[in-house]
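Peer 1: structure here, sequence nowhere to be found:
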C-alpha cells in the first residue's frame, strides 16, 4: 500500500500551533467510537482501500504479537516485547514511509517491521536467540533492533546527517529525497542519548523524525514521574516543532507522520511526534504489570482499542462486509500457524560461528580462544556442534 503526500510546502506552519500557546494538544481523525473528525492542518481523505489496508495490517500485527507471546510461554522464545495496544501507532508510522526512508527501531517495532517487509520469523529468530537479526538492514531500510535504550536516536541522527550531505534532502525529487525516523518510548526520552540526538538534529537541521510511542509506562515507572510537561513540548526547548497525536488512531498517526517525514525530506529539519497510546500488555514477557498498575486503567484503555475503532468505522460506513472480516481472520489464523511451525524449525546456530563475527580479520588471540572452545566441545562424546 503506497500513499502520496497531500500537504502544502510550508509545513512549519502546519506543525507550529501544536507547540505554541493555544494550539491543539491531541491530533485525532478517528474517535474511539469510530467517528470521523476533521482537525485543522492534518486532515486528509482516505480511500476505502487504504482504511481496509490499515485494518488488515493491525490485525496481522496483533496476531504476530499474540503468537510470539504464546511461543515464549511455551519455552520457544527466550523473551518477547509485546506491542498490544500500540498497533495503530506503528502501522500509521510505518505506512507513511517512502521506500528510500530509513527506520531505526527499538525492540518493539514489530508493526513497523511488518510494513517494511521484514519476515516475522526473522523477529522470532532474534528473540529465540538463534541469530542477531536475520534481515538485511540495507535491503529493508530497517535497522536491526536496538536493545540499548535510546541509542538508536543517535544512530538515526547520524544517518540523517549523512543523507543530508549526500544531497538526498531538499532537492524536490520525490524519488530521491529521503527522511529518517527513530522510534523510542516515553522511558527512553529520559535517556541522555535521546537528548543528545535532539541537540545534534536541531543544530544541523537533520532530516529526522523522532517518533515517541508514549505508552505511559517505562516498565513500572508512570509517565507523570518522567516529565512535568507533555513530552512533545520538550521539542521546543531544542528548537524544533513537536506534536502530540492520538497513537490509537491509525489515520491520525499516518497523517501526522507523513507530514513530519515530508518536512524532513524538504530540508526543514527534525520533528518530535509523540504518539499518545497505552501498553495494554506487559513490558516484556518477564514483566508482571499487575504489580504496579490498576486493572481499571487497562479496562479503560481497552475501550480505545485501535483495531476496534477502525472495524466500527468500516462497518458503520459500509466499507467492508462480513466476507472481508472473515478473510482477514482466516489470514491471521494461517499466519499464526506459519509462525508456530516456523519458529520451532529455526536452526540453532553453530557455536563457533560467533568467533567469525567479532572482527573483520581473525586475530591470533581470538583464534586461540576459538580453538580452545572447539577442543572443549570436542571433549563431549558425540558432541553436536
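Peer 2: Here it is on my side, so go on. As the structure is a prediction and not an experimental result, all values here were calculated from the model.

Peer 1: next secondary structure after the one helix or strand in the chain whose mean pLDDT sits lowest?
Peer 2: Least confident helix or strand, the chain: helix 11-15 with a mean of 51, by mean pLDDT, DSSP states H and E. Downstream of helix 11-15, the next assigned helix or strand under DSSP states H and E is helix 48-73.

Peer 1: now do residue 248 against residue 106, distance only.
Peer 2: Distance of residue 248 to residue 106, given as Cβ to Cβ, to the nearest Å: 19 Å. C-beta here means a position set from N, CA and C on the backbone, and glycine is covered the same way.

Peer 1: go on, residue 37?
Peer 2: With Cβ to Cβ as the criterion, residue 37 and residue 106 are 30 Å apart.

Peer 1: who has more neighbours out of the two?
Peer 2: Applying other Cβ atoms under 10 Å to residue 37 and residue 106 shows that residue 106 carries more neighbours, namely 22 against 13.

Peer 1: that one belongs to a strand, doesn't it?
Peer 2: No: using DSSP: H, G, I helix; E, B strand; the rest coil, the assignment for residue 106 is coil, not a strand.

Peer 1: for it, grab phi and psi.
Peer 2: Backbone geometry at residue 106, expressed as degrees, to the nearest 10, gives phi -90, psi -130.

Peer 1: check residue 275 too.
Peer 2: Note on residue 275: its backbone torsions stand at phi -90, psi 100 [degrees, to the nearest 10].

Peer 1: so what's it bridging to?
Peer 2: With DSSP bridges applied, residue 275 shows beta-bridge pairing to residue 213, residue 245.

Peer 1: is it true that it touches residue 247?
Peer 2: Yes: assessed by Cβ atoms under 8 Å, residue 275 is found in contact with residue 247 at 3.2 Å.

Peer 1: shared neighbours of those two, which are they?
Peer 2: Common contacts of residue 275 and residue 247, defined by Cβ atoms under 8 Å, 6 or more residues apart in numbering, comprise 89, 213, 214, 253.

Peer 1: could you work out the most separated pair of these?
Peer 2: Pairwise distances across these (Cβ to Cβ) peak at 12.2 Å, for the pair 214 and 253.

Peer 1: the more surrounded of the two?
Peer 2: Comparing residue 214 with residue 253 by other Cβ under 10 Å, the one with more neighbours is residue 253, at 33 against 27.

Peer 1: ok, now which ones touch that one?
Peer 2: 88, 89, 91, 92, 93, 96, 245, 246, 247, 275 are the contacts of residue 253 under Cβ under 8 Å, 6+ apart.

Peer 1: swap the cut-off to 7 Å and go again
Peer 2: Residues near residue 253 by Cβ atoms under 7 Å, 6 or more residues apart in numbering: 88, 89, 92, 93, 245, 247, 275.

Peer 1: out of the residues you listed, which are inside strands?
Peer 2: By the criterion of DSSP state E, membership of the contacts of residue 253 in strands covers 245, 275.

Peer 1: just the contacts of residue 253: which are in helices?
Peer 2: 88, 89, 92, 93 (DSSP state H).

Peer 1: shouldn't the first one be in contact with residue 58?
Peer 2: So that's residue 88. Yes: the pair residue 88 / residue 58 is scored as a contact, 6.4 Å apart, by Cβ atoms under 7 Å.

Peer 1: now for those two: what residues contact both?
Peer 2: 250, 306.

Peer 1: of these two, which one has the most company?
Peer 2: residue 88 (32 against 25).

Peer 1: quick one: low-confidence parts of the protein?
Peer 2: For the chain, the stretches flagged by pLDDT under 70 are 1-24, 382-385.

Peer 1: centre of the chain to the one helix or strand residue 327 maps to, how far?
Peer 2: According to DSSP H and E, residue 327 maps onto helix 322-345. In terms of Cα atoms, centre = their mean, to the nearest Å, the centre of helix 322-345 is found 22 Å from the chain centre.
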